[in-house]
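Next one to model:
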Amino acid sequence: VQLQASGGGLVQAGGSLRLSCAASGRTFSINAMGWFRQAPGKEREFVAAIRWSSGSTYYADSVKGRFTISRDNAKNTMYLQMNSLKFEDTAIYYCARGGISSGTLVPGYWGQGTQVTVSS
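Here you go, the predicted structure:
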């Protein structure tokens with residue numbers, strides 16, 4: 001199982017970025033995928049998740065209304081559209097694959113991180 005994240009970068013506050021995460025290996029058994037982020041000096045936190053079959057989505061309160069998670073089943077790829085970015089969204093974003101529990105993703109596999117930097 002491999003997860004390849006991409007799409008990070010530097011953006012001004014108020015701007016937008018779209019992250020992608022491509023899954024390979026045992027893709028037939030994907031239950032859910034999602035994003036976590038870790039800012040310097042802080043713990044890794046849940047951002048958003050999506051159930052692979054139904055498309056049901058889950059978000060952290062801090063990103064609701066600004067971020068949208070989606071997936072393309074045919075491409076085994078997940079996306080995170082991030083709008084109205086704030087300085088506090090600056091972090092390394094990690095994609096993950098696992099299951100949904102209590103409205104969050106319980107990760108079983110991690111991808112590498114992609115840096116998102118929002119300048120104020």
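
for the protein, which strand is longest?
Taking DSSP state E as the criterion, the chain has its longest strand at strand 104-119.

what's that strand packed up against?
Packing partners of strand 104-119 (3 or more Cβ pairs under 8 Å, 6 or more residues apart in numbering; DSSP states H and E): strand 2-6, strand 9-12, strand 17-24, strand 32-38, strand 45-51, strand 91-101. (Each C-beta comes from the backbone N, C-alpha and C, glycine too.)

okay, the ones you listed, which one's buried deepest?
Comparing the helices and strands packed on strand 104-119 by mean neighbour count (mean count of other Cβ atoms under 10 Å), strand 32-38 ranks first with a mean of 24.

what's the closest of the helices and strands packed on strand 104-119 to residue 110?
Residue 110 sits nearest to strand 91-101 of all those, at 5.2 Å, using Cβ to Cβ.

contacting residues around the closest one?
1, 3, 5, 8, 19, 21, 23, 30-39, 42, 44, 47, 49, 51, 56, 58, 78, 80, 105-116 (Cβ atoms under 8 Å, 6 or more residues apart in numbering).

Sweet, I'm off.
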